[in-house]
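> The following block contains a protein sequence and its predicted model.
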Amino acid sequence: MAVTLTDAAANRVESFLANRGKGLGLRVGIKTTGCSGLAYVLEFVDELAEGDEIFETQGVKVIVDAKSLVYIDGTELDYTKEGLNEGFKFKNPNQADECGCGESFTV
């Protein structure tokens, strides 16, 4: 499978990378934190690390480390605007539950 971006998310990442002036793509990963155990991490990648998996979607490279891929394989990343709020949303088929504030999840 893979980690993919919707058109809206790809456009937003491309915009961030253009404004930044450098970067290979977007790293999508997880870290242990929060009340449910895991949280998503997004950061720009300037250099690949050993074991990184690269998925190209909508012309944007999505980089995932092997440890995170187990938890987020099949995830689609979207970018939404709802009223005054905007941000990335994760559609993860492996996610079993999330905390009330939506900041962390379990698989």
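Nice, thanks for sending it over.

> low-scoring stretches of this structure, by residue?
With pLDDT under 70 as the threshold, the chain has low-confidence stretches at 34-36, 97-106.

> what residue lies at the spatial centre of it?
Val28 (3.6 Å; C-alpha atoms, centre = their mean).

> what is that residue paired to in the beta sheet?
Beta-bridge partners for Val28, by DSSP bridges, are Leu42.

> which residues touch it?
3, 40-42, 62-64, 68, 72, 75, 77 (C-beta atoms under 8 Å, 6 or more residues apart in numbering). Where you see a C-beta, it was placed from the backbone N, CA and C, and this is true even at glycine.

> Of those residues - the most surrounded one?
Leu77 (26 neighbours; other C-beta atoms under 10 Å).

> For it, give me its contacts.
3-6, 9, 28, 62, 88-91.

> What's the ChimeraX line that selects buried ones from those residues?
Buried subset of the contacts of Leu77, written as a ChimeraX selection, criterion 16 or more other C-beta atoms under 10 Å:
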select :3,4,5,6,9,28,62,88,90
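
> Tell me which entries of the contacts of Leu77 lie within helices.
Counting by DSSP state H, the part of the contacts of Leu77 found in helices is Ala9.

> which ones among the contacts of Leu77 are found in strands?
Applying DSSP state E to the contacts of Leu77, the entries found in strands are 4-5, 28, 62, 88-91.

> Extract the CA atoms of stretch 31-44 and return them as CSV.
What follows is the C-alpha trace of stretch 31-44 in CSV, where atoms were taken according to Å, rounded to 0.1, in the frame of the first residue of the first chain:
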residue,chain,number,x,y,z
LYS,A,31,5.5,9.4,17.8
THR,A,32,4.4,8.0,21.2
THR,A,33,2.5,10.7,23.0
GLY,A,34,-0.9,11.9,24.1
CYS,A,35,-3.7,10.2,26.0
SER,A,36,-4.3,7.5,23.3
GLY,A,37,-0.7,6.6,22.7
LEU,A,38,0.3,7.8,19.2
ALA,A,39,0.3,11.1,17.4
TYR,A,40,1.0,12.1,13.8
VAL,A,41,4.2,14.0,12.9
LEU,A,42,4.6,16.1,9.8
GLU,A,43,7.9,17.7,8.8
PHE,A,44,9.8,18.7,5.7
